[in-house]
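*Asks:* No sequence on hand, only this structure:
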């Protein structure tokens, strides 16, 4: 399974009799881009009011996802895993996603989740991802 970041544009009911054009980003776990797009359309079809257009599908290498159902935002973190082999030290940069309400909450979660692992958090920023759909059909909001 792979993760695909999908940017989609569609008309959505935004208020009382007021359809509006929205552009949203989702992360979908699937075996290929076609399956990811089909899965996303299936998940959001109840919200679509009119046409829907997929603007971009990008394969993303996500090492780990730390979901928090109470979190409103997704934050993308860069972590360098440190491997010491004898006298040599090597680092492997990986991308993680953290669901939290604020960047300070996301950093706290990331520190807690990586405690005991030889690594360095090198970056953390708010992501445009609205929701993550895992292959297990669980929705993380």
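*Replies:* That came through fine. What you are looking at is a predicted structure, and each value in this text was computed from that prediction instead of being measured.
*Asks:* Run through who's touching stretch 5-21.
*Replies:* 22-28, 36-37, 40, 44, 47-60, 129 (CB atoms under 8 Å, 6 or more residues apart in numbering). The C-beta positions use only the backbone N, C-alpha and C, and glycine is treated the same way.
*Asks:* Which ChimeraX command selects the buried ones in the residues you listed?
*Replies:* With 16 or more other CB atoms under 10 Å as the criterion, this ChimeraX line picks the buried residues out of the contacts of stretch 5-21:
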select :24,25,26,27,28,36,37,40,44,48,49,52,57,129
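*Asks:* Among the contacts of stretch 5-21, which lie within helices?
*Replies:* 36-37, 40, 44 (DSSP state H).
*Asks:* Identify, from those, the entry nearest to residue 101.
*Replies:* When the ones in helices among the contacts of stretch 5-21 are ranked by distance to residue 101 (CB to CB), residue 44 comes first, at 23.0 Å.
*Asks:* Now go through the contacts of stretch 5-21 and say which are in strands.
*Replies:* When DSSP state E is applied, the contacts of stretch 5-21 are split such that 22-28, 48-60, 129 fall in strands.
*Asks:* The residue of the chain most remote from its centre and residue 81, how far apart?
*Replies:* Taking CA atoms, centre = their mean, the residue of the chain most remote from its mean C-alpha position is residue 87, at 36.4 Å. Using CB to CB, to the nearest Å, we find residue 87 at a distance of 18 Å from residue 81.
*Asks:* Likewise for residue 12?
*Replies:* For residue 12 relative to residue 81 (CB to CB), the value is 40 Å.
*Asks:* same check, this time on residue 119
*Replies:* Distance from residue 119 to residue 81, by CB to CB: 5 Å.
*Asks:* So residue 66 is in contact with residue 105, correct?
*Replies:* No: the pair residue 66 / residue 105 is not scored as a contact, 11.0 Å apart, by CB atoms under 8 Å.
*Asks:* so which strand or helix has residue 123?
*Replies:* For residue 123, the enclosing helix or strand under DSSP states H and E is strand 119-126.
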